[in-house]
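Fold the following, please.
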Amino acid sequence: MEQVIHLENIVKNYLVGTQIVRALRSVSLSITRGEYVAIMGASGSGKSTMMNIMGCLDTPTSGNYILNDQDVSRLSDDNLAEIRNKKIGFVFQTFNLLPRYTALENVMLPLVYAGIPKDERITLAKKQMEEVGLYDRMEHKPNELSGGQRQRVAIARALINNPTILLADEPTGNLDSQTSEEIMQLFSVIHKKGNTILLVTHEEEIARHAYRIIRLKDGHVESDYLNPNPIY
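Model prediction:
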């Protein structure tokens, strides 16, 4: 199987005042194309730091991060921004939608940055809105949508550039249990279409949707195993 992500001896240290905080301590792992992986751990375990490095939002203190056969460990901020826009789709707990833009305009944003012509942007964004079941809400602004609908818009935006990986950080954290289940069912559909999904969560029930579960503790990989009974 083709490796999408390979972390090799990743160390990440932060200087807080005069103290060195060791967030990741020589983490090594690989993720292949089409996997659905949950990354779990308590607060302070290093899971957010690992997500930031995998998402090219941060760089390691030492070690190598290979994304699609390219070592991105030491790239400049501009190069990392380009990779984020082309290769990684982000879904956040707080949706991160622009309030003055319609749902359709929010979904189109990555295409604007990618230099796609306007007519093509509209066509692609409408198709993506249909894929997440919100074709009839395209002209609504975020404050006119429910939490679940806003997260669907965020997922559509994350998928619009056909990214290598979809990185979801606590995607159900602001949703009730029923809406959370609907969003997780949508992730299952997206995975079955061949997408690689990295799901960062502290909720056991949410992690059970993934096919592989990686648990971090004190900056180390505590366990890494296949989920014998993923929720479909």
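
okay, CA-based contacts and neighbour counts for the rest of this
Fine.

the bottom helix or strand of this structure by mean pLDDT?
helix 77-87 (a mean of 89; mean pLDDT, DSSP states H and E).

Test my guess that V4 contacts E35.
No - V4 is not in contact with E35 according to Cα atoms under 8 Å; the separation is 9.4 Å.

correct me, but M50 touches L24?
Yes - between M50 and L24 there is a contact at 7.4 Å, judged by Cα under 8 Å.

so which helix or strand takes in the residue most central in space within the chain?
Among the residues of the chain, the one closest to the centroid is L167, at 1.1 Å (Cα atoms, centre = their mean). Assessed by DSSP states H and E, L167 sits inside strand 165-169.

Now do the buried residues in the helix or strand just after that strand.
Per DSSP H and E, the first helix or strand lying C-terminal to strand 165-169 is helix 177-192. Residues 179-181, 183-184, 186-188, 190-191 are the ones in helix 177-192 that count as buried (16 or more other Cα atoms under 10 Å).

now stretch 101-120
102-111.

and what of stretch 30-38?
So, applying 16+ other Cα under 10 Å, buried residues of stretch 30-38: 31, 33-38.

May I see those residues arranged in TSV, with pLDDT and secondary structure as well?
TSV is the format used below for those (pLDDT from 0 to 100; DSSP: H, G, I helix; E, B strand; the rest coil):
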residue	pLDDT	secondary structure
I31	96	strand
R33	95	coil
G34	95	coil
E35	97	coil
Y36	97	strand
V37	97	strand
A38	97	strand
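
Among the residues you listed, which pair sits farthest apart?
Largest separation among the buried residues of stretch 30-38 by Cα to Cα: R33 and A38, giving 14.6 Å.

can you give me the strands for the protein?
Counting by DSSP state E, the chain has strands at residues 3-16, 19-32, 36-40, 62-67, 70-71, 88-92, 165-169, 196-200, 212-217, 220-226.

CA atoms of the first one as PDB?
These are the backbone C-alpha positions of strand 3-16, laid out as PDB (Å, rounded to 0.1, in the frame of the first residue of the first chain):
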ATOM      1  CA  GLN A   3       2.300   5.500   2.200                       C
ATOM      2  CA  VAL A   4       0.700   9.000   2.500                       C
ATOM      3  CA  ILE A   5       2.300  10.000   5.800                       C
ATOM      4  CA  HIS A   6       5.500   8.800   7.400                       C
ATOM      5  CA  LEU A   7       6.700  10.200  10.600                       C
ATOM      6  CA  GLU A   8      10.300   9.300  11.600                       C
ATOM      7  CA  ASN A   9      11.600  10.100  15.100                       C
ATOM      8  CA  ILE A  10       9.500  13.200  15.400                       C
ATOM      9  CA  VAL A  11      10.400  15.400  18.300                       C
ATOM     10  CA  LYS A  12       8.700  18.700  19.200                       C
ATOM     11  CA  ASN A  13       9.800  20.900  22.000                       C
ATOM     12  CA  TYR A  14       8.400  24.300  23.100                       C
ATOM     13  CA  LEU A  15      10.000  26.900  25.200                       C
ATOM     14  CA  VAL A  16       7.500  28.200  27.700                       C
END
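
Perfect, I'm done here.
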